[in-house]
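> Have a look at this prediction, sequence included:
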Amino acid sequence: MNKAYVLLVIISCAGVLLLAGTTPTGAWFSETEVIEGITITTGSWSDAGSLIVTADQALLKPPAGNHAKTVLSGITASNTGSEPLEVTGIRVSWDPDGGETIRQAAFTRGKGGEAPRAGPHGAGSDPGSAGGEGFTAFWSGEAASGQVLDGRLLLDPSTQNDPARGVLLSFDSNMEGKTLVCTLILDDESEKEVRVRL
């Protein structure tokens, strides 16, 4: 009898929320509760289901300027959903870690999905400072492997003319021979990562 009451209360609460027009926002996390022998497991969803991160054409190049030793291009991020996604962090880690630092993270501004390129065709005369034409600087400073780079970028839904935004990472050292993991973090704290062998 108690089981029927618990289920009736749950269904009633859900009905009240629907009638009140309350729409849940943000991330839902999976959790399990046991009430008098009844196990209830909540569902989970996140915005990361609409985020696709790939590294089909990852490329290391020396920059034209003096701000970085290596620029990594070719990682792309796309939004397959119908609403914009807010990227609030990027975590970049690499192995082996020889004390290198990341100096800047940037996104292309919508070039029909083209990957960002180091050199004068990409960010103007100094791709070590990726805020030039064609790029939106997300973060700059100095960070070690595994640190979260805080910033803000709205990733609009993909279109046929602009299916993806490129990710450009600038480092203070040559990164050849390393395994790199680039993780994009959304405002609901969900994540999506891609692993690249450089």
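That came through fine.
> Quick one: low-confidence residue ranges for the chain.
For the chain, the stretches flagged by pLDDT under 70 are 1-9, 13-46, 63-68, 110-133.
> can you map out the helices along it?
Per DSSP state H, the chain has helices spanning 2-19, 120-123. These are given in chain order.
> And for stretch 187-198, what's in contact with it?
Outside stretch 187-198, the residues that touch it by C-beta atoms under 8 Å, 6 or more residues apart in numbering are 26-27, 46-48, 51-55, 58, 60, 72, 75, 86-88, 91, 175-185. C-beta: built from backbone N, CA, C; applies to glycine.
> For Gly146, which non-adjacent residue is spatially closest?
The shortest distance from Gly146 to any non-neighbouring residue, by C-beta to C-beta, 6 or more residues apart in numbering, is to Ser93 (4.3 Å).
> contacting residues around that neighbour?
Contacts for Ser93 (C-beta under 8 Å, 6+ apart) come out as 145-146, 180-181, 183.
> hmm, which of these are the buried ones?
Listed as buried from the contacts of Ser93 are 145, 180, 183; burial here means 16 or more other C-beta atoms under 10 Å.
> Ile102: which of these is nearest?
Using C-beta to C-beta, Ser145 comes nearest to Ile102 of the buried ones among the contacts of Ser93, at 8.0 Å.
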